[in-house]
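A.B. asks: 3D, please:
(one chain, ligands or ions: 2)
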Amino acid sequence: MSKLRVAVIGAKGRIGSEAVRAVEAAEDMELVAALGRGDGLETLTEAGAQVAVELTHPDAVMDNLEFCVRNGIHGVVGTTGWTDERLAQLRSWLDASPRTGVLIAPNFSIGAVLTMRFAQQAARFFESAEVIELHHPNKADAPSGTAARTAKLIAEARAAADCPPQPDATSSALDGARGADVDGIPVHSVRLRGLLAHQEVLLGGVGETLTIRHDSLHHSSFMPGILLGARRVVATPGLTMGLENFLDLD
Ligand SMILES: NC(=O)C1=CN([C@@H]2O[C@H](COP(=O)(O)OP(=O)(O)OC[C@H]3O[C@@H](n4cnc5c(N)ncnc54)[C@H](OP(=O)(O)O)[C@@H]3O)[C@@H](O)[C@H]2O)C=CC1
Ligand SMILES: O=C(O)C1=N[C@H](C(=O)O)C[C@H](O)C1
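C.D. replies: Numbering: from 1, shown residues only. Ligands and ions are numbered 1, 2, ... in the order given. A predicted model of the protein is given here:
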């Protein structure tokens, strides 16, 4: 059987360099290109890449994906910074290239995906929900893509269950003290040397709390998800939001 021809964009970065090693080690894949800043995207077409794993920076991801989708190269995207406007733009490119698939995964680690799912399931049973994400200080964006997605899923679950607004009597606060407001869910970002990627979802009800915590201790935690994404995206045209869609969780 022929091997899946995979390229990595952002190949010299923290997660990109780990992804290069993971693709090289995968028996069913061939690493056909490893692009860093300044490398021309035409390398992808010249190398015959079927899938591009995009792990760069919010400022770079859109140009890279536009090229990939226009050229029928499927995308597995870990880069963060997604807004509704960016997603609409990506969808329009995909509409014009209907056989191409792109997976955007706010987090490739199984534990983080399960954290999001458990938080979504638990959200309607508790009056209060807040998210704390903790990352290394070199991270460009805040809150993390994972925390933003988690908060949106909690907010959707609460809205679907007609939950009232969260109790919060704060009438005076220093700017930022109550975190960022993501669809009504407070999200707090910590940046600390020594950390990699961590998240706590705090849920509170009368007389009890539930804390769901996940820790990525090494970039290897993201690799099985990236490889799974590459294998599945080639047969999944259009936009797929979240690795959970490839995990048969239900
Ligand atoms: N979804 C997930 O599970 C995960 C997602 N991420 C996300 O992945 C992204 C990268 O994270 P991380 O590896 O920590 O960041 P790094 O800064 O370590 O790596 C990014 C790399 O991309 C390079 N780069 C920047 N622009 C381009 C470009 N146009 N073409 C090619 N390469 C480019 C950078 O080069 P230079 O150094 O010259 O700037 C750098 O080598 C972030 O958005 C992060 O949030 C990270 C971990 C897990
Ligand atoms: O920048 C990182 O490191 C990470 N970014 C992703 C995010 O923003 O959620 C995934 C993970 O948290 C690591």
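
A.B. asks: Leu65: which element?
C.D. replies: helix 61-70 (DSSP states H and E).

A.B. asks: what's the nearest residue to the residue of the chain found nearest ligand 1 if we skip its chain neighbours?
C.D. replies: Residue nearest to ligand 1 within the chain (C-beta to the nearest ligand atom): Gly13, separated by 2.0 Å. C-betas here are computed from N, CA, C, even on glycine. Distances taken as C-beta to C-beta, 6 or more residues apart in numbering place Leu55 nearest to Gly13, at 5.9 Å, with adjacent residues excluded.

A.B. asks: over to Ala230?
C.D. replies: That would be Val51: by C-beta to C-beta, 6+ apart, it lies 4.7 Å from Ala230.

A.B. asks: do stretch 146-162 and ligand 1 meet at all?
C.D. replies: No. Judged by C-beta under 6 Å from any ligand atom, stretch 146-162 and ligand 1 are separated, with a smallest distance of 7.3 Å.

A.B. asks: could I get the CA-only coordinates of that stretch as CSV?
C.D. replies: Extracted in CSV, the C-alpha atoms of stretch 146-162 (Å, rounded to 0.1, in the frame of the first residue of the first chain):
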residue,chain,number,x,y,z
THR,A,146,-8.4,24.9,23.9
ALA,A,147,-9.8,27.1,26.7
ALA,A,148,-11.8,29.2,24.2
ARG,A,149,-13.3,26.1,22.7
THR,A,150,-14.0,24.6,26.1
ALA,A,151,-15.8,27.8,27.2
LYS,A,152,-17.8,27.9,24.0
LEU,A,153,-18.9,24.2,24.5
ILE,A,154,-19.9,24.9,28.1
ALA,A,155,-21.8,28.0,27.1
GLU,A,156,-23.7,26.1,24.3
ALA,A,157,-24.6,23.3,26.7
ARG,A,158,-25.8,25.7,29.3
ALA,A,159,-27.9,27.6,26.7
ALA,A,160,-29.4,24.4,25.4
ALA,A,161,-30.5,23.5,28.9
ASP,A,162,-31.9,27.0,29.6
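
A.B. asks: so for it, mean pLDDT?
C.D. replies: Across stretch 146-162, pLDDT averages out at 98.

A.B. asks: how about it: buried residues?
C.D. replies: Thr146, Ala147, Ala148, Arg149, Thr150, Ala151, Lys152, Leu153, Ile154, Ala155, Ala157, Arg158 (16 or more other C-beta atoms under 10 Å).
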